[in-house]
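Novice: based on what follows, work out the 3D shape:
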Amino acid sequence: MNKLIIAALLAALVALPTAFAAEKQKLNVVYHVSEAEKVPFVLNNIQNHIDGVGGPDKVHIVLVVHGPAITAFNEVEATEKVRGGLAKLKDEGVGLEMCGNTLKGFKLSLDELLPGFAVVPEGGVTKIAELQSQGYVYIRP
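Specialist: Numbers count the residues shown, from 1 in each chain. So this is what the prediction gives:
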């Protein structure tokens, strides 16, 4: 009888990691950038994050942009590195959110930015707080 109990316990222990893996949910992460000079670094961090977890199907990432960082995403001023990095992240399903207050403050419209952004009318920092209240992990490189 003891051998039977031990065998059952061992079988349960072997199955345990698989059960936990099936239960594991996608991690939700919000990246925050407000400084133009940090934009290439942040885009690279996001790509490294996606690659590090095994692909875009393993994580849900939202990038929230406000303040002077908007200039790095301006269609006219964007570098090729930013253009390419942002396009790839967009294709991988990264949510791109631009602060509505920043758009107004910099007198820009969404169509003057690189494609893919949605406007956050209530403001970027408000969106970040909302996502954090929903359990998103906050990262500001």
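
Novice: sec struct for the most centrally placed residue in the chain, please.
Specialist: Geometric centre of the chain, nearest residue: residue 61, 2.1 Å, by CA atoms, centre = their mean. Three-state assignment for residue 61 (DSSP: H, G, I helix; E, B strand; the rest coil): strand.

Novice: can you list the buried residues in the strand or helix carrying residue 128?
Specialist: Under DSSP states H and E, the secondary-structure element containing residue 128 is helix 124-133. By 16 or more other CB atoms under 10 Å, the buried positions in helix 124-133 come out as 124-128, 131. The way it works is simple: take the backbone N, C-alpha and C, and place the C-beta from them, glycine included.

Novice: one step back: from what I can see the residue nearest to the centre of the chain touches residue 49, true?
Specialist: Yes. Using CB atoms under 8 Å, residue 61 makes contact with residue 49 at a distance of 6.7 Å.
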